[in-house]
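In: Prediction below, plus the sequence it came from.
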Amino acid sequence: ISTCSGRVTVGQDFFDHYYPEGSLDESLWFLGACCSLTTDDLAQTLVQKGAGSVFGFSEPTKGYYLLNVCFEALVNTLMLSAEISAEARNEACRLYGRSEPIGEDMWKGGKGAQIRLAGDPNFRLVEKIEDAVPEEGFPDDPDFVADNELVYSKYQNENGEDKYVVHGKTGNVNITIPKEHDGIEVTGIDRYGFKMAKHLRSVYIEDGNFDIPDYTFNALPELVNVHLSANTHIIGANAFDGCSKLKNIQLPEGLREIGPNAFSRCSALTEINIPKSVGSIGHSAFNASALKSITIDCQPLDELNNVFYNCKSLESAYLRSPVETMFATFSNCPMLAHVELPVGLKSMSMVFRDTTLIREIELPEGIEEIGAFTFSYCRGLEKLIVPESVTVFGQDAVSYCSNLKSVVFPDNLTEIGAKAFYSCTALTD
């Protein structure tokens, strides 16, 4: 890993002369905006020499920032810049264990770029990721400061004031994120800021202005306890996705947004509070979590899509906030038996598919469409009364409801979809 300032332009001949095959020995190459691969030949050379990871990035930055933001480069992945063809990029990813490359926004690199080399006297090879940043920070860069737990990156806001954002270290276990450091306000957490902190167990965030960016604590296998700042307004997409041991987290009043997949696959999370201040819950926000009961009594919501999909322990749900549309909200929730649907609901599709314990449900007046597969495979459902407001009863709406005996339709129903009653073998009325 190079943190040098010198630059040397090189090519195939240089590597063939100085580095025999395999000599790079699974080394990690971090290449910034002025240090990007430009040809497929050079990329293949790095592979042949044994390079473990190569990364090209669009922003001028220090190695430790790349270490956090571009975490995928550290996990048996060869990452190449945008100058390299998609075919070569995909093949490199395949060889290093990825089924597909990371998003295009991570492949940007400058033309005519150069590579930092071991020939520079400032080059430093490390054996452990933890050693990539010295505890005292970067001696040549005052904008990076490290203490025993965290690393602080300095910037200036629009008023020219110094501020810090914070990111973690691989060895983090129990941390406190302060609202200031060395008298300077800490204003946020880096996106992907703790992605490499695989041993992290607890997080306490002081009451500064801390939103939780996308992927901040994503897939941390040991994380159990989280205390959020009282000033947290947004929890970003995939922020805690895959934190399989997360049990304790209290969402603060004042929270406005829960992003897509924010708590997806949190398989130890059995309860969560939804503050009244919340006005947006992203798709799959609690997908495959261990929630047993949920009450949503917050601001009006435009939609609830896939939010509790595959929550196999969910037994009851009370939706007391206005919601306009629902899609697959409780699909594949085999223990769900009690549901209170929201007022203001206009359409629903696949909402209860494979939710087998529901015997009856009250649909809210005002709903206009019971869409495709809404109750499909609800084998416990026995009776359904469709409100007067419904005009569309969609495809496979109650298909495979083998215990459904009676459906009561309104007079103004205009459309019944194909196979709406397919395999409803007990239906007589």
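Out: Happy to help now that I have it.

In: can you pull out the strands in the stretch 251-400 of the chain?
Out: For the stretch 251-400 of the chain, the strands defined by DSSP state E, counting those that start in this stretch occupy 257-258, 280-281, 293-296, 301-305, 316-319, 323-327, 338-340, 347-349, 369-370, 383-385, 392-393.

In: Pull up the gap between Leu381 and Gly171, please.
Out: Leu381 sits at a distance of 52 Å from Gly171 (criterion: Cβ to Cβ, to the nearest Å). For every residue, glycine as well, the C-beta is placed using N, CA and C.

In: swap in His233?
Out: Counting by Cβ to Cβ, the gap from His233 to Gly171 is 30 Å.

In: and if you look at Thr325?
Out: Per Cβ to Cβ, Thr325 is found 45 Å from Gly171.

In: neighbour-wise, which of the two wins?
Out: Thr325 (19 against 15; other Cβ atoms under 10 Å).

In: nearest spatial neighbour of the more buried one, skipping sequence neighbours?
Out: Nearest residue to Thr325 in three dimensions, chain neighbours excluded: Glu303, at 4.6 Å (Cβ to Cβ, 6 or more residues apart in numbering).

In: Let me know the pLDDT of the one you found.
Out: What the model reports for Glu303 is a pLDDT of 95.

In: what sits against it?
Out: Counting by Cβ atoms under 8 Å, 6 or more residues apart in numbering, Glu303 makes contact with 323-327.

In: Mark which of these are buried, thanks.
Out: Using 16 or more other Cβ atoms under 10 Å as the burial test, the contacts of Glu303 include 323, 325-327 as buried.

In: re the thing from before, and of the contacts of Glu303, the nearest to Glu340?
Out: Set against Glu340, the nearest of the contacts of Glu303 by Cβ to Cβ is Val323 (11.6 Å).

In: just checking, Ala337 touches Ala317?
Out: No: contact criterion Cβ atoms under 8 Å: Ala337 and Ala317 do not qualify, at 9.9 Å.

In: And the two? Which one has more around it.
Out: Here Ala337 and Ala317 are compared on neighbour count by other Cβ under 10 Å; more neighbours surround Ala317, at 22 against 16.

In: If the more buried one is in a bridge, with which residues?
Out: Ile294, Val339 (DSSP bridges).

In: and of the contacts of Glu303, the nearest to Asn273?
Out: Val323 (18.1 Å).

In: Tell me the bridge partners for that closest one.
Out: Leu301.

In: Could I get the contacting residues of His199?
Out: Going by Cβ under 8 Å, 6+ apart, His199 touches 170-173, 222.

In: Go through the residues you listed and say which is closest to Gln250.
Out: Nearest to Gln250 among the contacts of His199, with distances taken as Cβ to Cβ, is Glu222, at 19.7 Å.

In: isn't there a helix covering the closest one?
Out: No: counting by DSSP: H, G, I helix; E, B strand; the rest coil, Glu222 is not found in a helix; it is coil.

In: Could you double-check that it sits in contact with Phe194?
Out: No: using Cβ under 8 Å, Glu222 is not in contact with Phe194, being 11.6 Å away.

In: So between these two, which is more surrounded?
Out: Taking neighbours as other Cβ under 10 Å, Glu222 and Phe194 compare with Phe194 leading, 27 against 15.

In: any idea where the helices of this protein begin and end?
Out: Secondary structure of the chain (DSSP state H): helices located at 12-18, 40-48, 63-69, 86-95.

In: which stretch in those is the model least sure about?
Out: Among these, helix 63-69 scores lowest, with a mean of 34.

In: ok, the residue lying closest to Gly279 once chain neighbours are set aside - how many residues close by?
Out: Distances taken as Cβ to Cβ, 6+ apart place Gln299 nearest to Gly279, at 3.9 Å, with adjacent residues excluded. Neighbour count of Gln299, defined by other Cβ under 10 Å: 13.

In: Same question for Glu158.
Out: A count of nearby residues for Glu158, using other Cβ under 10 Å, gives 5.

In: before we move on, what about Tyr155?
Out: By the measure other Cβ under 10 Å, the count of residues near Tyr155 is 12.

In: From Ala239, how far out is it?
Out: In this view, Tyr155 and Ala239 are 22 Å apart by Cβ to Cβ.

In: Tabulate the buried ones among the contacts of Glu303 (TSV), appending distance to Ser293.
Out: Output for the buried ones among the contacts of Glu303, formatted as TSV (distance: Cβ to Cβ, whole Å):
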residue	distance to Ser293
Val323	18
Thr325	23
Met326	18
Phe327	22
